[in-house]
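S.K.: Sequence plus predicted model, see below.
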Amino acid sequence: NTVIAFTTRHQCAARVAERLAGMLPEGATLVNLKDGDTAAIWEADRLILGGSVYIGKTQKELIRFVEENLERLVSIRPALFLCGAQPDPAEQEKELSMNFPPQLLEAARARKMVGYEYDFSRMNFLEKMIIRKVSGCRESVSCLSGGAMEELVRAVLEDSPQ
């Protein structure tokens, strides 16, 4: 069985988790790390772990979870994903390395930046202003990468116990 554990602020990572689960033949159990119940993670055969990036950083719950469970996570070899708007592959790699420790990145079955969404209906005034200024976007947009998600799922399935 597969568990997809994630953190999210405006539901982008939750939508990615749902899409990833839909791509897996047997589906997956979704675990929002902000809810605190992580028991299912340790019973899974496969783990996909991710979140979203805001100004270069992911949610503190994801960072804390990784720090507190680093040794176990390295032995599980999860696939990692982040939602972020950085288009440059070198910058994407930088964002991954800024948010996951090197030993987890090295052990990961796969690691992908899966695109981004700006959902203005879920943002406060200040967040909307920042997004408009930084990105030029004036309305909600979804730029998730189905290809990156498919590559992540393929890597998880290829590197799974039979």
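M.R.: Happy to help now that I have it.

S.K.: Under a three-state scheme, what state does the spatially most central residue of the chain occupy?
M.R.: For the chain, Gly50 is the residue whose C-alpha lies nearest the centre (Cα atoms, centre = their mean; 2.4 Å). Following DSSP: H, G, I helix; E, B strand; the rest coil, the label given to Gly50 is strand.

S.K.: Would you mind naming the residues that bridge with it?
M.R.: Phe6, Phe81 (DSSP bridges).

S.K.: One more: the one 4 residues further on?
M.R.: According to DSSP bridges, Lys57 are recorded as the beta-bridge partners of Tyr54.

S.K.: From Glu95, how far out is it?
M.R.: Noted for Tyr54: a distance of 11 Å to Glu95, by Cβ to Cβ, to the nearest Å. Placement of C-beta: from N, CA and C, glycine included.

S.K.: more neighbours, those two?
M.R.: Taking other Cβ atoms under 10 Å, Tyr54 and Glu95 do not tie; Glu95 has more neighbours (19 against 16).

S.K.: Check which helices and strands the host helix or strand of that one is in contact with.
M.R.: According to DSSP states H and E, Glu95 maps onto helix 89-99. Judged by 3 or more Cβ pairs under 8 Å, 6 or more residues apart in numbering; DSSP states H and E, helix 89-99 is in contact with strand 79-83, strand 110-113.

S.K.: Next secondary structure after the helix or strand of the chain with the lowest mean pLDDT?
M.R.: The helix or strand with the lowest mean pLDDT-type score in the chain, counting by mean pLDDT, DSSP states H and E, is strand 141-144 (a mean of 67). Counting by DSSP H and E, the element after strand 141-144 in chain order, helix or strand, is helix 146-158.
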